[in-house]
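Colleague: using only what follows, build the 3D model:
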Amino acid sequence: MYTLLSVVQVIIAVVLILLILMHSGRDTGLSGAFGVGSGSGPFGGGSLVERNLNRWTVFFAVLFAVNTVVLLKI
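Modeller: Prediction:
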């Protein structure tokens, strides 16, 4: 069980890193390369794609935190 959760943790970490890199920061960032674009909103993006990117990032961050707690309890 511990090995399976450890492998899942690595996969979640890689996905989370990729999602964070896709966000646009002060510059265009990696999101401009994939056509995410930059809109005007509270987090720098007002488009539907940018909002969904924010939602997926938060989802995987919470999943990462929960998996970390589970791994520590085992």
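
Colleague: any low-confidence regions in the protein?
Modeller: 26-46 (pLDDT under 70).

Colleague: buried ones in stretch 3-21, by neighbour count?
Modeller: 9, 12, 16, 19 (16 or more other CB atoms under 10 Å). (Glycine included, C-beta is placed from N, CA and C.)

Colleague: helices - which of those land there?
Modeller: Counted as lying in helices by DSSP state H, out of these, are 9, 12, 16, 19.

Colleague: report all helices and strands that the biggest helix by length in the chain contacts.
Modeller: For the chain, the helix with the greatest residue count under DSSP H is helix 48-73. When contacts are defined as 3 or more CB pairs under 8 Å, 6 or more residues apart in numbering; DSSP states H and E, helix 48-73 sits against helix 2-22.

Colleague: tilt between the helix it packs on and helix 48-73?
Modeller: If you take axes from the mean of the first three to the mean of the last three CA atoms, to 10 degrees, helix 2-22 sits at 150 degrees to helix 48-73.

Colleague: so how far is helix 2-22 from its chain's centroid?
Modeller: 10 Å (CA atoms, centre = their mean, to the nearest Å).

Colleague: ok, the residue nearest the centre of the chain - contacts?
Modeller: By CA atoms, centre = their mean, the chain has its centre lying nearest to Thr57, at 2.9 Å. Applying CB atoms under 8 Å, 6 or more residues apart in numbering, one finds that Thr57 lies in contact with 16, 19-20, 23.

Colleague: could you rerun that using 10 Å?
Modeller: 15-16, 18-20, 22-23, 43 (CB atoms under 10 Å, 6 or more residues apart in numbering).
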